[in-house]
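coords below, sequence missing:
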């Protein structure tokens, strides 16, 4: 509680124009990063536990989820892109001490996002039967894959409500509430999954039902805390009639569309990667999926620090404090690289145990361990790309970072993966992945040092 009050005081220092010492900056970064890291890790733990429970049902059950995992990430990333366009504006307005417009943007984000999530849900329901076959899955896993995806599609509006509430709170500098809610989602997910998978004997479909019910149970309280209890975002404190402001939506589109295009093509690349892995067999599909899930535990701290970077850069952007914005950018990127370098060491040393928790199948464990140890060497540069990208998003700079992500993914990773998979199988795919992440991180570091992302700081404008 005391640390939370100190963080709030330091956040107010940004808006008030007060000078900050290096120690205060570091305290603020840590104060925002730690709760966000816990939230990110809790979210990954939810998928980790899902994979572990399903993994003990056998290789086919694991492959049925692994086959469509990249598609569910694609849809989730589109919802995240939609929310980001509005949450970045909220951060800018809060930094400028214009809380009324911040709440107006929040309202627009809720309306537009819910409409968009319903649209995606309809598409998901329409394609769920055919999707596993489009991805190269066989008859032995297609039925479970399609049913899992159907349940996921039906719950998308609740997923959006959960994530947009989380992002709005973070834009306001509140990292603690999203962290607590993320832990609650994880707890509910474990409980419901156990009931559906083991007690009701629903298998793969039970895993999707458990996760869906967890989101439904937590998304509405999360929305209440953001829209009714937060002292800055509380929508009930406005007593003027709501009116539609198209500029909010236009600004959101300028921020969100490059992110959405990036996410579509990046997730599309993940789907292509899945199609490269699929012919290697169910063992390779399962090992690939489990290795991705296990690795995510190691890079989530980077995303947690990235959340802090987006909040800090966004509010210093709105407050028009250029030097402080750059200082926070450099410090968060450096901290992210240091933390993920340490996580890479942990991942290399404990790779067998991490995969072993997910699957009892020896062949899956052996192959997954090799993949994780290959990837461990790229973690510091992966951190550089994650946090620098978050810095750019906070400044409203999304076009060039999106181009960097897409260029390296399609021109480096997939090209190498296709070629190396022919000779080295799944190991070749992961060598390509580690190479691409290293190259991507270097490009982002160059952009950070050159200050190109600051151009958006100088030319962007807020609504009067």
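Alright, I've got the coordinates. For clarity, every value in this text was computed on a predicted model and none was experimentally measured.

buried residues, the one helix or strand residue 348 maps to. List them.
In this structure, residue 348 is located in helix 322-349 according to DSSP states H and E. Within helix 322-349, the residues that count as buried by 16 or more other Cβ atoms under 10 Å are 324-329, 331-333, 335-337, 339-340, 343-344, 347-348. Glycine gets a C-beta too; all of them are placed from N, C-alpha and C.

what do you get for stretch 119-132?
Going by 16+ other Cβ under 10 Å, stretch 119-132 has these buried residues: 120, 121, 124, 128, 131, 132.

redo those as JSON lines? Include distance to residue 433 and secondary structure.
Shown next, in JSON lines, are the buried residues of stretch 119-132 (distance: Cβ to Cβ, whole Å; DSSP: H, G, I helix; E, B strand; the rest coil):
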{"residue": "120", "distance to residue 433": "27", "secondary structure": "helix"}
{"residue": "121", "distance to residue 433": "31", "secondary structure": "helix"}
{"residue": "124", "distance to residue 433": "27", "secondary structure": "helix"}
{"residue": "128", "distance to residue 433": "28", "secondary structure": "coil"}
{"residue": "131", "distance to residue 433": "24", "secondary structure": "helix"}
{"residue": "132", "distance to residue 433": "23", "secondary structure": "helix"}
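
check those residues against residue 217 and report the nearest one.
Relative to residue 217, the closest of the buried residues of stretch 119-132 is residue 121; by Cβ to Cβ it sits at 18.3 Å.

how about that closest one: what's its closest non-neighbour residue?
Leaving out its chain neighbours, the residue that sits closest to residue 121 by Cβ to Cβ, 6 or more residues apart in numbering is residue 156, at 4.3 Å.

correct me if wrong: that neighbour contacts residue 79.
Yes: assessed by Cβ atoms under 8 Å, residue 156 is found in contact with residue 79 at 6.9 Å.

and for those two, which residues touch both?
Shared contacts of residue 156 and residue 79, defined by Cβ atoms under 8 Å, 6 or more residues apart in numbering, are found at 117, 120.

surely residue 174 and residue 230 touch.
Yes: contact criterion Cβ under 8 Å: residue 174 and residue 230 qualify, at 6.4 Å.

between those two, who's got more neighbours?
Set residue 174 next to residue 230 and count neighbours by other Cβ atoms under 10 Å: residue 174 wins out with 26 against 20.

for that one, helix, strand, or coil?
coil (DSSP: H, G, I helix; E, B strand; the rest coil).

tell me the phi and psi of it?
Here is the backbone geometry of residue 174 (degrees, to the nearest 10): phi -100, psi 100.

measure it to residue 232 for me?
Counting by Cβ to Cβ, to the nearest Å, the gap from residue 174 to residue 232 is 8 Å.

now swap in residue 433 and tell me
Per Cβ to Cβ, residue 433 is found 40 Å from residue 232.

neighbour-wise, which of those two wins?
Comparing residue 433 with residue 232 by other Cβ under 10 Å, the one with more neighbours is residue 433, at 25 against 19.

in the helix or strand where the more buried one lies, what counts as buried?
Here residue 433, judged by DSSP H and E, is contained in helix 426-450. For helix 426-450, burial by neighbour count (16+ other Cβ under 10 Å) applies to 426-441, 443-445, 447-448.

what helices and strands are in contact with it?
helix 246-277, helix 282-318, helix 322-349, helix 362-375, helix 379-394, helix 399-408, helix 414-424 (3 or more Cβ pairs under 8 Å, 6 or more residues apart in numbering; DSSP states H and E).

would you mind getting the angle between it and helix 399-408?
Per axes from the mean of the first three to the mean of the last three Cα atoms, to 10 degrees, the angle that helix 426-450 makes with helix 399-408 is 150 degrees.

for the helix holding residue 348, packing partners?
Using 3+ Cβ pairs under 8 Å, 6+ apart, the elements in contact with helix 322-349 are helix 22-55, helix 282-318, helix 362-375, helix 379-394, helix 426-450, helix 455-459.

now residue 243: phi and psi?
The phi/psi pair for residue 243 (degrees, to the nearest 10) is phi -140, psi 150.

kindly report the same for residue 20.
Per-residue torsions, residue 20: phi -120, psi 140 (degrees, to the nearest 10).

I'd say it and residue 324 touch.
Yes: between residue 20 and residue 324 there is a contact at 6.8 Å, judged by Cβ under 8 Å.

quick check: neighbours shared by those two?
Overlap of the contact sets of residue 20 and residue 324 (by Cβ under 8 Å, 6+ apart) consists of residue 14.

contact partners for residue 269?
By Cβ under 8 Å, 6+ apart, the contact set of residue 269 is 409, 410, 413, 414.

ok, now how distant is it from residue 300?
Going from residue 269 to residue 300 by Cβ to Cβ gives 21 Å.

now residue 242, what's its secondary structure?
Classification of residue 242 by three-state DSSP places it in coil.

give me the pLDDT for it.
pLDDT, residue 242: 85.

repeat for the one 4 residues further on
What the model reports as pLDDT for residue 246 is 92.

distance-wise, check it relative to residue 116.
From residue 246 to residue 116 the distance is 16 Å (Cβ to Cβ).

so between these two, which is more surrounded?
Each of residue 246 and residue 116 had its neighbours counted (other Cβ under 10 Å), and the higher figure belongs to residue 116 (20 against 8).

my guess is the more buried one contacts residue 80. True?
No: contact criterion Cβ under 8 Å: residue 116 and residue 80 do not qualify, at 11.3 Å.

how many neighbours does residue 219 have?
Neighbours of residue 219 under the rule other Cβ under 10 Å: 23.

helix, strand, or coil at it?
Strictly by three-state DSSP, residue 219 counts as helix.

so who does it touch?
Residue 219 makes contacts with 158, 159, 161, 162, 165, as judged by Cβ under 8 Å, 6+ apart.

top of those residues by neighbour count?
Among the contacts of residue 219, residue 165 has the most neighbours (other Cβ under 10 Å), with 29 neighbours.
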